[in-house]
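[1] predicted model and sequence below, questions to follow.
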Amino acid sequence: MASHIVGYPRMGPKRELKFALESFWDGKSSAEDLQKVAADLRSSIWKQMSDDGIKFIPSNTFSCYDQVLDTTAMLGAVPPRYGWNGGEIGFDVYFSMARGNASVPAMEMTKWFDTNYHYIVPELGPEVNFSYASHKAVIEYKEAKDLGVDTVPVLVGPVSYLLLSKPAKGVEKSFSLLSLIDKILPIYEEVVAELKAAGATWIQFDEPKLVMDLGAHELQAFTHAYSALEASLSGLNVLVETYFADVPAEAYKTLTALKGVTGFGFDLVRGSKTLDLIKGGFPSGKYLFAGVVDGRNIWANDLASSLSVLSALEGIVGKDKLVVSTSCSLLHTAVDLVNEPKLDKEIKSWLAFAAQKVVEVNALAKALCGQKDEAFFSENAAAQTSRKSSPRVTNEAVQQAAAALKGSDHRRSSNVSARLDAQQKKLNLPILPTTTIGSFPQTLELRRVRREYKAKKVSEEDYVEAIKKEINKVVKLQEELDIDVLVHGEPERNDMVEYFGEQLSGFAFTANGWVQSYGSRCVKPPIIYGDVSRPKAMTVFWSSLAQSMTKRPMKGMLTGPVTILNWSFVRNDQPRFETCYQIALAIKDEVEDLEKAGITVIQIDEAALREGLPLRKSEHGFYLNWAVHSFRITNCGVEDSTQIHTHMCYSHFNDIIHSIIDMDADVITIENSRSDEKLLSVFREGVKYGAGIGPGVYDIHSPRIPSEEEIADRVEKMLAVLETNILWVNPDCGLKTRKYAEVKPALSNMVAAAKRLRTKFASSH
Ligand SMILES: Nc1nc2c(c(=O)[nH]1)N[C@@H](CNc1ccc(C(=O)N[C@@H](CCC(=O)N[C@@H](CCC(=O)N[C@@H](CCC(=O)O)C(=O)O)C(=O)O)C(=O)O)cc1)CN2
Ligand SMILES: [Zn+2]
């Protein structure tokens, strides 16, 4: 029985790649230094999987930024503004596309399906001249082979690639991206030919788009593409891999009938319906890659239960055609439990990170062919039992409070326009008020203080003093810049989710459980293992302190329940919505404590509300209903005069705008500048929006400093579709990843742009 891994984390167990990248970008190390770190990481990953006994080991799942951007490089689809002149694409052009450079902004970045990973969106049109411009897939295949590991090279499949793209600037929005299929297939053929020549016997095409709601035309593109590739694929075993949900029935038919394909991979964790499809018929003689080990979570696999699923599948596809696999790439889980010596022993026994999941996959494969490791299986069974019965998982009071939520809608007592009037009386803000999203730059010094406090090398007193000084600096800076609604800058927070996770009961946190979010940026999602409650106030001390430093309104800053849920590793022993309601109750207590402490503006970030939207339309309504309800629970109890803000990243909101309105926040700030103002088109189409809104006026993901003119232009464009009295002026998102040298001039230009427009507006009225 064979084993397979869809993909593996690339950052390294101690984020080696992150540090190598950032040092290279800062000019502190050479391209060779970066290449060396990258090669060492790849080699240790391959060696580890090979030592663990994995038969199908992936290559080309490593990336210095993003696998979709790697595909763009492979196809030579570099937008002309990056000045590429042909030849093999190097770091210069590659990182300019990813991060922008002094003169050109970065390409758009967006969410990878419903994960917290982000990819760089390809920009395509009829004018693009595709050419084979990055040989990375072949180079990495050979690199592994030289190390004695025969791998399965992985490519983003041609159809998913096109469906993940967008029309380039100047190309009709209605342009059919799929019409480019015959232009990119020849490049794929070149890559395949080279891989074959290098000795590859298997190749994996990731086609995750197959789990979405696709039309006949899109499904037809798969049939067409793989028929066209059939000849060049002959002699190779070909795996088409899907993940993140079940494959709809129509897509399943298309997929399993593809020409030239010898194996099909399915996510059997999130896609339990796929199991029925397979039982209803699977093409004979083909391989089934059964993704039973969850790549999206940190829970140890229930090996006994997986084994029974696998045995049933074996009966359908045959012993020699079943391959045990992960549900998706392990990119979305933490790297290695070995680096968590401080984690509670019992909780640790319930967990498996990427390295442990590789072992689980192999153990399942061996068990199927009669080499069951009894000790390993019984240890696993004991951990499953302990998790089911452990008293630390259950909190009766919390369960009762959550059950009591049923039956109420949890709405504020007045409508938004009455509330905005009451708030304006108190706040007395100018038109086009300026604000920021919350965090200010996280300097090295700040990180050092937090780290040393955590390690008990700095006393509580000194720590509070250091943070206080930082808040004071941020407050003074905002006053100098003349920003209207201030923030304290979040210096006490490592991350907007982890910080709350560390203070709530029912959560565990890790020391090294990093997961890549984008580029070199990683997050350490907390682990929700039990019922959630708030032992004490979490932010009131810092927010009150910050408010005492200024006469201007200071926003209380919280992360909302849906975002805490979506950016944590969530327990899988109860429905997600139940966990979300529990978190909502904890945040509600915090909102009310902030109000009592005299905070008049409270921002409850729901950055990840959109990303949690199920991939399939049929499930949207149910999710949005409980997600929006959870948000309302947090703030339905405040006074009219308390202004509730929320913030969201990524503006693909056209389809869910009514749910966003239904959140009933007083002000919403939304990412906007990096996605071509898609957001504004919603309002252009006539959706009525009466609450305050701040579409981001510049991109904070790039080091580039926007000019006053550029920002003023953007705001004017917004004013063409939105009423002047509801518009706020703010950046796209928090500033924690930026440097002060970037933030100061950018915010100064932002305030100047707002003032310029206020003057213009006053003189025209
Ligand atoms: N959870 C979450 N998801 C999100 C976002 C977000 O802010 N949070 N934002 C959106 C964009 N994604 C982002 C993801 C990460 C970062 C980010 O800045 N990450 C930091 C890590 C931040 C962090 O938690 N750092 C800690 C830990 C510091 C640290 O590295 N400590 C070392 C100690 C060793 C050493 O570095 O010396 C360790 O713990 O190992 C801190 O500052 O306190 C990074 O990768 O650089 C930004 C945006 C979408 N998804
Ligand atoms: Zn944001």
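    Now that the structure is in, tell me what you want to look at. Residues are numbered from 1 along each chain as shown. Ligands and ions are numbered 1, 2, ... in the order given.
[2] list the buried ones in stretch 285-295?
    Under the neighbour-count criterion of 16 or more other Cβ atoms under 10 Å, stretch 285-295 has 286-295 buried. Bear in mind the C-beta positions are built from the backbone N, C-alpha and C, glycine included.
[3] go through those and name the one nearest ligand 2.
    The nearest member of the buried residues of stretch 285-295 to ligand 2, counting by Cβ to the ion, is residue 295 at 25.2 Å.
[4] then the closest one would be within a strand, right?
    No: with DSSP: H, G, I helix; E, B strand; the rest coil as the criterion, residue 295 is located in coil rather than a strand.
[5] most widely separated two among the buried residues of stretch 285-295?
    286 and 294 (24.1 Å; Cβ to Cβ).
[6] returning to that earlier point: mind checking which of the buried residues of stretch 285-295 land in strands?
    287-293 (DSSP state E).
[7] could I get these as JSON lines with distance to residue 326?
    Shown next, in JSON lines, are these (distance: Cβ to Cβ, whole Å):
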{"residue": "287", "distance to residue 326": "15"}
{"residue": "288", "distance to residue 326": "14"}
{"residue": "289", "distance to residue 326": "9"}
{"residue": "290", "distance to residue 326": "10"}
{"residue": "291", "distance to residue 326": "6"}
{"residue": "292", "distance to residue 326": "8"}
{"residue": "293", "distance to residue 326": "5"}
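[8] let's have those residues in CSV, adding distance to residue 112 and pLDDT.
    Output for those, formatted as CSV (distance: Cβ to Cβ, whole Å; pLDDT from 0 to 100):
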residue, distance to residue 112, pLDDT
287, 26, 98
288, 25, 98
289, 20, 98
290, 23, 98
291, 17, 98
292, 22, 98
293, 20, 98
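[9] and the residue nearest the centre of the chain, what does it touch?
    Centroid check for the chain by Cα atoms, centre = their mean gives residue 116 as the closest residue, at 1.2 Å. For residue 116, the contacting residues are 332, 515, 517, 523, 525, 566-567, 608, 611, by Cβ atoms under 8 Å, 6 or more residues apart in numbering.
[10] off-centre distance for the lowest-mean-pLDDT helix or strand in the chain?
    None of the helices or strands of the chain scores lower by mean pLDDT, DSSP states H and E than helix 678-684, at a mean of 77. Remark: helix 678-684 is offset 23 Å from the chain centroid, using Cα atoms, centre = their mean, to the nearest Å.
[11] for the helix or strand following it, packing partners?
    Next in sequence after helix 678-684, counting helices and strands by DSSP states H and E, comes strand 692-695. Applying 3 or more Cβ pairs under 8 Å, 6 or more residues apart in numbering; DSSP states H and E, we find strand 692-695 packed against strand 667-670.
[12] partners of the strand it packs on, with directions?
    Using DSSP bridges, strand 667-670 pairs in its sheet with strand 643-648 (parallel), strand 692-695 (parallel).
[13] got the contact list for the top helix by length along the chain?
    Secondary structure of the chain per DSSP state H: the longest helix is helix 740-763. Contacts with helix 740-763, where a contact means Cβ under 8 Å, 6+ apart, come from 430-434, 436, 440-441, 443, 477, 481-483, 697-698, 703, 705-709, 711-712, 715-716, 719, 724, 729-731, 735, 738.
[14] buried sites along it?
    Going by neighbour count (16+ other Cβ under 10 Å), the buried part of helix 740-763 is 742-744, 746-758.
[15] measure the residue of the stretch 651-765 of the chain found nearest ligand 2 to residue 38 for me?
    Of all residues in the stretch 651-765 of the chain, the one sitting closest to ligand 2 is residue 733 (3.2 Å; Cβ to the ion). Counting by Cβ to Cβ, to the nearest Å, the separation of residue 733 from residue 38 is 28 Å.
[16] equivalent analysis for residue 494, please.
    26 Å.
[17] which residues are in contact with residue 547?
    Residue 547 is in contact with 554, 597-599, counting by Cβ under 8 Å, 6+ apart.
[18] who's in contact with the residue in the stretch 551-700 of the chain positioned nearest to ligand 2?
    When scored by Cβ to the ion, the stretch 551-700 of the chain has residue 649 as its residue closest to ligand 2, at 3.5 Å. Listed by Cβ under 8 Å, 6+ apart, the contact set of residue 649 reads 607-608, 610, 671, 732-733.
[19] where does pLDDT dip in this protein?
    651, 674-677, 765 (pLDDT under 70).
[20] 50 - rerun?
    Counting by pLDDT under 50, the chain has no low-confidence residues at all.
[21] spell out which parts of it neighbour ligand 2.
    Within the chain, the residues that sit near ligand 2 (Cβ under 5 Å from the ion) are 607, 649, 733.
[22] now do the buried residues in stretch 192-205.
    Within stretch 192-205, judged by 16+ other Cβ under 10 Å, the buried ones are 192, 194-196, 200, 202-205.
[23] ok, so of these, who is nearest residue 374?
    Nearest to residue 374, judged by Cβ to Cβ, of these is residue 202 at 31.5 Å.
[24] from residue 654, how far out is the closest one?
    40 Å.
[25] again, but for residue 248
    22 Å.
[26] which residues are in contact with the residue of the stretch 251-400 of the chain found nearest ligand 1?
    Nearest residue of the stretch 251-400 of the chain to ligand 1 (Cβ to the nearest ligand atom) works out as residue 339 at 9.2 Å. Contact analysis of residue 339 by Cβ under 8 Å, 6+ apart lists 13-14, 511-512.
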